[in-house]
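Participant: Using only what follows, build the 3D model:
(chains A and B)
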Number of protein chains: 2
Amino acid sequence: MGFSITFLGTGAATPTLRRGLSATVANVDEKLCLFDCGEATQIQMKRFKVKALHIQHIFISHLHGDHFFGLVGLLFTYHIGKRKNELHVYGPPLLEEILRIQMGISVKELNYPLVFHPLSSQNLEMVCEEDNFTVSAFPLQHRLPAYGFLLKEKERPRKVLHQFIEDYHPHYTDIVRIKSGEDYVLPDGRILSNEEITFPDPPISFAYCFDTAFYAPIAEVLKNVDLLYHEATFMHDKAELAAEKGHTTTIQAATIAKKALAKRLMLGHISSRYRNLDSFLNEARNIFSETYLAEDGMTITLRK
Amino acid sequence: MGFSITFLGTGAATPTLRRGLSATVANVDEKLCLFDCGEATQIQMKRFKVKALHIQHIFISHLHGDHFFGLVGLLFTYHIGKRKNELHVYGPPLLEEILRIQMGISVKELNYPLVFHPLSSQNLEMVCEEDNFTVSAFPLQHRLPAYGFLLKEKERPRKVLHQFIEDYHPHYTDIVRIKSGEDYVLPDGRILSNEEITFPDPPISFAYCFDTAFYAPIAEVLKNVDLLYHEATFMHDKAELAAEKGHTTTIQAATIAKKALAKRLMLGHISSRYRNLDSFLNEARNIFSETYLAEDGMTITLRK
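Facilitator: This is a model prediction of the structure:
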């Protein structure tokens, strides 16, 4: 069962032909979460073959247009496309009103249940729970209220060693029992302990931090995260402008990743002023070597 | 001085990779008018190299999302792109409130003057006047209030015959005088009348009819239009569905063009259910031979 992240829009403020507006899909065992939904996100989904109908949760970080102007169009497309399954939308309270006024013009009743979850907590708070993962929201520092999101898989059953299967050809029902933690009893009565015939399948975590000024306290929330996707609008010579605009520089994002002991850092929300991104990337890598640039359409597979 | 129409989005309801959502640009002597602004219009403008900053007037036909969800993003892009020149937006009154609530979240004062013109007339009404053209709005028949638009050039000065210029090498100031209607006096005193050394440069007109059920009375408004861009969502076997949804069929759009004595008919708002469009087009051409299908990125030059 897989875990992957697909970047649909990696640009900042206004779209370019290379970088669309903020939108990122996490696919956890075919349950999809969308983080932000800038204009044309539904088109990017078609372009990059994301199964839009598998999206169950949409998290909107804040109410700057480049992070949510595509949401109403997506909800409308779901409606006329006869979506039936429930959709959960999480965002600042005013978002509900914005959606209501626009959808209400032409839609009396949506064809699918839409559940809105207003975000307002000042601390880390679990806002979504599925069988296999949770998503928590935490406040960032921006020009208006903004939230980061931490998607964490729950503990996963240990996996059965291939060598054990090859050696003993256990029945399928035995494998189910072993996965649930039982030992294995051989025909001659000998016992193989669960620990010696299995290995751990560690849960994966993904964090989404858009938009925010450099905000060191979040490193604690992000501790040991597998993939940190953090905004880096500017290079560090623009640190003053970044602070004024509530954005982060390359070096600052890398500093957060380093403090958080993240396994990997992806940078997005990249200002269109940067054409050649070699120095942009190197500046971050000097602080945190496992840094990469997000590109529209790129998928990172964290588990196959 | 030129007159051209560029189709940015020719699809219906939801975007596909082939057809974006409704948006059409008329370029009259480098003054640009945008008719409708579906989601991702600003991206289509980049893709098809339309000079977004030259747009002075935006006409929104009605408040179904596929015709205006891209407007707020475009206005926002103008703001951060430091637009200075005035922008006029024409649309149903509620549009102003929808824009205000969304822009107001992050923008205290726009960097450019935005003038909103509410549409509400039940008759043909001139809503916009420029030096060289006017735009009039007229009601259509749809599930909610919808307007068609007629862009008409004003009378244009007659053009000077090339043969006259070759034969007599008139001075530039003479040409200006001839264009203003004066006769030309030869050195020997003979007079060449204005009419014999000039020819008419007839004003061009363009009409935009989206979305509407078949509505015969508009043929009168559209009389002799040079280019009629009319919605044709369905083929004629879906006439009942078209009427129910407030849309037009191929045959109905062609009938309007024929009644109006239009010079050319372009069809748009084509349902994504149609893959091969040969029969779609032929159905209309059987009624009105000068019918063509609009495609995203296509430009029709009515005067070079």
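Participant: and A:Ile178, backbone torsions?
Facilitator: A:Ile178 adopts backbone torsions of phi -60, psi -40, taken as degrees, to the nearest 10.
Participant: give me every residue that touches it.
Facilitator: A:Val160, A:Pro170, A:Tyr184, A:Asn194, A:Ile197, A:Thr198 (C-beta atoms under 8 Å, 6 or more residues apart in numbering or on different chains). Yep, even glycine has a C-beta here, placed from its N, CA and C like the rest.
Participant: Number of residues surrounding the first one?
Facilitator: Residues near A:Val160, counting by other C-beta atoms under 10 Å in any protein chain shown, number 19.
Participant: Who are the contact partners of it?
Facilitator: Per C-beta under 8 Å, 6+ apart, neighbours of A:Val160: A:Pro170, A:Ile175, A:Ile178, A:Lys179, A:Ile197, A:Thr198.
Participant: Looking at the contacts of A:Ile178, spot the one nearest chain B.
Facilitator: Nearest to chain B among the contacts of A:Ile178: A:Val160, at 43.0 Å, using C-beta to the nearest C-beta.
Participant: Tell me the bridge partners for that closest one.
Facilitator: For A:Val160, the beta-bridge partners under DSSP bridges are A:Thr198.
Participant: circling back: mind putting the contacts of A:Ile178 into TSV with pLDDT?
Facilitator: Output for the contacts of A:Ile178, formatted as TSV (pLDDT from 0 to 100):
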residue	pLDDT
A:Val160	94
A:Pro170	93
A:Tyr184	95
A:Asn194	96
A:Ile197	95
A:Thr198	96
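Participant: from the contacts of A:Val160, which single one is nearest B:Gln102?
Facilitator: A:Lys179 (49.4 Å; C-beta to C-beta).
Participant: quick one on the thing from earlier: just the buried residues of the contacts of A:Ile178.
Facilitator: Among those, those buried by neighbour count (16 or more other C-beta atoms under 10 Å in any protein chain shown) are A:Val160, A:Pro170, A:Tyr184, A:Asn194, A:Ile197, A:Thr198.
Participant: If you count contacts, what does the longest helix along chain A end up packed against?
Facilitator: Using DSSP state H, we find that the single longest helix of chain A is helix A:94-106. When contacts are defined as 3 or more C-beta pairs under 8 Å, 6 or more residues apart in numbering or on different chains; DSSP states H and E, helix A:94-106 packs onto helix A:71-80, strand A:114-118, helix B:94-104.
Participant: The same query, at a cut-off of 6 Å, please.
Facilitator: On a contact count with 3 or more C-beta pairs under 6 Å, 6 or more residues apart in numbering or on different chains; DSSP states H and E, helix A:94-106 meets no helix or strand.
Participant: Quick check: the gap between A:Asp296 and chain B.
Facilitator: 12 Å (C-beta to the nearest C-beta, to the nearest Å).
Participant: In contact with that residue: list those residues for me.
Facilitator: A:Thr10, A:Arg19, A:Gly20 (C-beta atoms under 6 Å, 6 or more residues apart in numbering or on different chains).
Participant: give me that answer again for 8 Å
Facilitator: A:Phe7, A:Leu8, A:Gly9, A:Thr10, A:Gly11, A:Arg18, A:Arg19, A:Gly20, A:Gln44, A:Phe48.
Participant: what helix or strand is the second one on?
Facilitator: Secondary structure here is read from DSSP states H and E; on that basis A:Leu8 sits in strand A:3-9.
Participant: what about that strand, near chain B?
Facilitator: No. Between strand A:3-9 and chain B, judged by C-beta under 8 Å from any C-beta of the partner chain, nothing touches; the nearest distance is 10.5 Å.
Participant: about what we covered before: closest to A:Glu153 among the buried ones among the contacts of A:Ile178?
Facilitator: A:Thr198 (17.5 Å).
Participant: What strand or helix carries A:Ser289?
Facilitator: Using DSSP H and E, no helix or strand contains A:Ser289.
Participant: Which residue is the nearest non-sequential neighbour of A:Lys84?
Facilitator: A:Tyr112 (5.5 Å; C-beta to C-beta, 6 or more residues apart in numbering or on different chains).
Participant: I figured the one you found was touching A:His88, is that so?
Facilitator: No. Using C-beta atoms under 8 Å, A:Tyr112 is not in contact with A:His88, being 11.1 Å away.
Participant: For the two, indicate the residue with more neighbours.
Facilitator: Just comparing A:Tyr112 and A:His88: by other C-beta under 10 Å the higher neighbour count belongs to A:His88, 18 against 15.
Participant: Show the pLDDT at that one.
Facilitator: What the model reports for A:His88 is a pLDDT of 98.
Participant: Kindly state the beta-bridge partners for it.
Facilitator: Beta-bridge partners, per DSSP bridges, of A:His88: A:His57, A:Val115.
Participant: What residues does it make contact with?
Facilitator: Counting by C-beta under 8 Å, 6+ apart, A:His88 touches A:Gln56, A:His57, A:Ile58, A:Val115, A:Phe116, A:His117, A:Cys128.
Participant: Of all pairs in those, which one is the farthest apart?
Facilitator: Going by C-beta to C-beta, the pair spanning these furthest: A:Gln56 and A:Phe116, at 14.0 Å.
Participant: residue furthest from the geometric center of chain A?
Facilitator: A:Asp188 (48.9 Å; C-alpha atoms, centre = their mean).
Participant: Check what pLDDT it gets.
Facilitator: So, for A:Asp188, pLDDT stands at 92.
Participant: Around chain B, which positions in the stretch 1-150 of chain A sit nearby?
Facilitator: Neighbours of chain B within the stretch 1-150 of chain A, by C-beta under 8 Å from any C-beta: A:13-17, A:20, A:39-40, A:42-43, A:46-47, A:63-66, A:69-70, A:72-73, A:76-77, A:80-81, A:94, A:97-98, A:101-102, A:105-106, A:143-144.
Participant: 7 Å instead?
Facilitator: With C-beta under 7 Å from any C-beta of the partner chain as the criterion, the stretch 1-150 of chain A meets chain B at residues A:13-17, A:39-40, A:42-43, A:46-47, A:63-65, A:69-70, A:72-73, A:76-77, A:80-81, A:94, A:98, A:101-102, A:105-106, A:144.
Participant: are any of those residues buried, and which?
Facilitator: Buried among the residues of the stretch 1-150 of chain A next to chain B (16+ other C-beta under 10 Å): A:13-15, A:39-40, A:42-43, A:63-65, A:69-70, A:72-73, A:76-77, A:94, A:98, A:102, A:105-106.
Participant: Any chance of the backbone angles for the nearest residue to A:Gln56 once chain neighbours are set aside?
Facilitator: Nearest non-adjacent residue to A:Gln56, counting by C-beta to C-beta, 6+ apart: A:Lys31, 5.7 Å away. Per-residue torsions, A:Lys31: phi -90, psi 120 (degrees, to the nearest 10).
Participant: quick one: A:Lys31 and chain B, what's the gap?
Facilitator: Counting by C-beta to the nearest C-beta, the gap from A:Lys31 to chain B is 23 Å.
Participant: Which residues are in contact with A:Leu94?
Facilitator: Going by C-beta atoms under 7 Å, 6 or more residues apart in numbering or on different chains, A:Leu94 touches A:Leu63, B:Ile105.
Participant: looking at it, A:Asp183 is touching A:Arg190, isn't it?
Facilitator: No. At 10.2 Å, A:Asp183 does not count as touching A:Arg190 under the criterion of C-beta atoms under 7 Å.
Participant: what sits against A:Ala262?
Facilitator: Neighbour list for A:Ala262: A:Leu222, A:Val225, A:Leu228 [criterion: C-beta under 7 Å, 6+ apart].
Participant: Buried ones from those residues, can you make that a ChimeraX selection?
Facilitator: The buried residues among the contacts of A:Ala262 can be selected in ChimeraX (16+ other C-beta under 10 Å) with this line:
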select /A:222,225,228
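Participant: Adding distance to B:Ala52, secondary structure and pLDDT, write the contacts of A:Ala262 out as TSV.
Facilitator: Converted to TSV, the contacts of A:Ala262 look like this (distance: C-beta to C-beta, whole Å; DSSP: H, G, I helix; E, B strand; the rest coil; pLDDT from 0 to 100):
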residue	distance to B:Ala52	secondary structure	pLDDT
A:Leu222	39	coil	98
A:Val225	39	coil	98
A:Leu228	35	strand	98
